[in-house]
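**Q** sequence plus predicted model, see below.
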Amino acid sequence: MQKTITLNEFIINQQAEIPEATGNFSRLLHHIGIAAKKVNREINKAGLVDILGRAGHENVQGEEQQKLDVYANDAFMEELQASGECCGIVSEENDEVTTFHEGLCRDAKYIVCMDPLDGSSNIDVNVSVGTIFSIYRRKSPIGQAAVLEDFLQKGSDMLAAGYIIYGSSTMLVYTTGCGVNGFTLDPSIGEFCLSHSNIKTPEAGKIYSINEGNYEKFPIGIKKYIKYCQEKDPKTSRPYTSRYIGSLVADFHRNMLKGGVFMYPPTDSHPTGKLRLLYECNPIAFIAEQAGGMAFSGDERTLDMQPEAIHQRTSFYVGSRCMVKKIHEFLDFFNNI
Ligand code: AHM
Ligand code: MG
């Protein structure tokens, strides 16, 4: 029988390969795993108890928060603080940066950007949702409160990124810049177990994912690309398949494993794109690149963008290299005529 490798074992093994590693970073990842299990437990019983529905207030972006959004936010904040390794958090659910610089967290070196429960409008219809996170080393001196500049780092400075997909099974997928590994939660032992090692995305995919309801407002290059995806051409396996869940983690996860591209262009209601750079696009972009894929904003590589605000939005195109490159060609060509 093949030996089961749990997330914690995997983290410790990875740490042992880095001579200067002190265990601080591993502890942070370990606590993210604990928060993920707590959130998973609540999501699994969502239909059974009075936990579904709205919490009754709006977040900074004017979106109504769901009860589970609030639960997930609290669970991750508590665990990150309890790890003693995190000096500050940007969360989709919090208007401002949260800092921890006393007690356990006095010497913490890391900051975290996260979306505790992405796609939460899907929960009450039993569709997959996700948590997205990224970890950076702070820029400001250890021992003081973290400052805005600690959070406005380019994605290319990220140390680690990951997501948890609460789906037909629950998975935690993460990278520390040495490939991407996926762990499936085994509910019988309550552990994430290595199930997808060194994930590589197909170079040329056949799935395109986009909310076509917004078609009229898309840039002309994207409209033409959608038509290109739908045209028949057996040499390039077209027409491609259209798949869109409306839950970024689930759409990205499927495309990463099967090969495809996810697109969220500018729309009427979101002229600069809907998705948030710090805690949605950047972590997903890092994972995509580590799996051999690509991510760009329409103008530049997502990970090279200089963030200017913690809740900044951007257009986002991510997935198999050939498909993302083709989108680039369409946008360039139609922008220039
Ligand atoms: P949220 O952070 O409010 O949950 O919104 C983000 C979600 C993503 O998961 C998904 O890709 C996108 O919004 C779907 O948007 P739309 O419903 O406009 O297609
Ligand atoms: Mg979100």
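**A** Looks like it came in fine. Numbers count the residues shown, from 1 in each chain. Ligands and ions are numbered 1, 2, ... in the order given.
**Q** the residue in the stretch 51-200 of the chain positioned nearest to ligand 2 - nearest residue in space that isn't next to it in sequence?
**A** Per CB to the ion, Asp118 is where the stretch 51-200 of the chain lies closest to ligand 2, at 3.7 Å. (C-beta placed from N, C-alpha, C; glycine too.) Nearest in space to Asp118, with sequence neighbours left out and distances taken as CB to CB, 6 or more residues apart in numbering, is Gly130 at 5.0 Å.
**Q** quick check, the one you found in a strand?
**A** Yes. Gly130: assigned to a strand according to DSSP: H, G, I helix; E, B strand; the rest coil.
**Q** just list whatever residues bridge to it.
**A** Taking DSSP bridges as the rule, Gly130 bridges to Asp118, Ile165.
**Q** give the contact list for it.
**A** Each residue near Gly130 by CB atoms under 8 Å, 6 or more residues apart in numbering is listed here: 115, 117-119, 163-166, 247-250, 253.
**Q** please repeat the previous calculation with a cut-off of 7 Å.
**A** Asp118, Gly119, Tyr163, Ile164, Ile165, Tyr166, Ser247, Leu248, Val249, Ala250 (CB atoms under 7 Å, 6 or more residues apart in numbering).
**Q** neighbours around the fourth one, how many?
**A** Read it as Ile164. 32 (other CB atoms under 10 Å).
**Q** can you pull the pLDDT of it?
**A** Ile164 is assigned a pLDDT of 98 by the prediction.
**Q** renumber starting at 303 from here on
**A** With 303 as the first residue, the last one maps to Ile466.
**Q** how about the residue of the stretch 353-502 of the chain closest to ligand 2, what does it touch?
**A** Taking CB under 7 Å, 6+ apart, one finds Val431, Gly432, Thr433, Ile434, Ser549, Leu550, Val551, Glu582 in contact with Asp420.
**Q** format these as JSON lines; extra columns: pLDDT and distance to Ser571.
**A** Below are the contacts of Asp420 laid out as JSON lines (pLDDT from 0 to 100; distance: CB to CB, whole Å):
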{"residue": "Val431", "pLDDT": "96", "distance to Ser571": "22"}
{"residue": "Gly432", "pLDDT": "98", "distance to Ser571": "22"}
{"residue": "Thr433", "pLDDT": "98", "distance to Ser571": "25"}
{"residue": "Ile434", "pLDDT": "98", "distance to Ser571": "22"}
{"residue": "Ser549", "pLDDT": "97", "distance to Ser571": "18"}
{"residue": "Leu550", "pLDDT": "98", "distance to Ser571": "17"}
{"residue": "Val551", "pLDDT": "98", "distance to Ser571": "22"}
{"residue": "Glu582", "pLDDT": "98", "distance to Ser571": "17"}
